[in-house]
Structure formats: C-alpha cells, structure tokens
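Participant: attaching a predicted model along with its sequence, questions to come.
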Amino acid sequence: QVHLVESGGGLVPAGASLRLACVGSGATINANAMGWFRQAPGKEREFVAAIDWWEGTTYYPPTSVKGRFTISKDNSKNTLYLAMNNLKPEDTAVYYCARSSFSAHVAIMPGHFDSWGPGTQVTVSS
C-alpha cells in the first residue's frame, strides 16, 4: 500500500507563492484520482483540487482557490503537486493529499478518498 507524505508548507507573507509536493512511497500510486484538501482550525476539511491520475484532467471548486492554485502530477516520480500563487491569510490551513478510486470529476468529498498523508502546515501572514 502506498504511503503518502506532503512537503513544501511554511510561513509566508500574503501575496507569496508556495509549491506543495505529495510523494508516494512503498508502492506505485494506483488511483483514479488524487486530490488536495485543506483544514483550518475549527473548520471542516475543504476540497481544494483533484486530478485524474492517468489523463491529467483537473478539477477545482468554484471558490477563491480557482485561478490561484494549480494541481499537477509526475507519474514517473510518483508525486502530486499543488502550486499556490497570491496566497491570502484565509489560505492558512493544514494541506493534505489523498488518493481516490473514484473518478476525478466526482471525487470532491473527503469520503471519496481512502488514503491520506499526514498533512503540511501553510501559514499566510497579513
């Protein structure tokens, strides 16, 4: 079973950019979709982006992340990425990557994902 680990988080000022990575180890990522979620203190886990692991089609929620965040993948490196631009204080959260056996166009809820990384903290100062 693949083990997912996120990296790339940190403390940045508003307007900065970060690139998160999610590396799968122990096995090749075998999924229909991979996704990114985030969870701020006291809030529910929120869908950020998903990608079809084989075709590369991407999906974003109709929220403020669309147009600022970009999900991508490198199957040869067993790695998922999330590029985040023009970060805002409200983007502060723990960011998680996850694997889904559902198709990417329907995998938008945490319950659609069956394997998660431990998360990486992103803090955006105002």
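Facilitator: Done, it's in. Numbering: from 1, shown residues only.

Participant: going forward, measure contacts between C-alpha atoms and count neighbours the same way
Facilitator: OK.

Participant: show me what the helix or strand hosting residue 123 is packed against.
Facilitator: Following DSSP states H and E, one finds residue 123 within strand 120-125. Judged by 3 or more C-alpha pairs under 8 Å, 6 or more residues apart in numbering; DSSP states H and E, strand 120-125 is in contact with strand 10-13, strand 93-100.

Participant: could you point out which element follows the first one?
Facilitator: On the C-terminal side of strand 10-13, the closest following helix or strand by DSSP H and E is strand 18-25.

Participant: that following strand to strand 93-100, inter-axis angle?
Facilitator: 40 degrees (axes from the mean of the first three to the mean of the last three C-alpha atoms, to 10 degrees).

Participant: list the pairing partners of the following helix or strand past strand 18-25 within its sheet, with orientation.
Facilitator: Scanning forward in sequence from strand 18-25 by DSSP H and E, the next helix or strand is strand 33-39. Using DSSP bridges, strand 33-39 pairs in its sheet with strand 46-52 (antiparallel), strand 93-100 (antiparallel).
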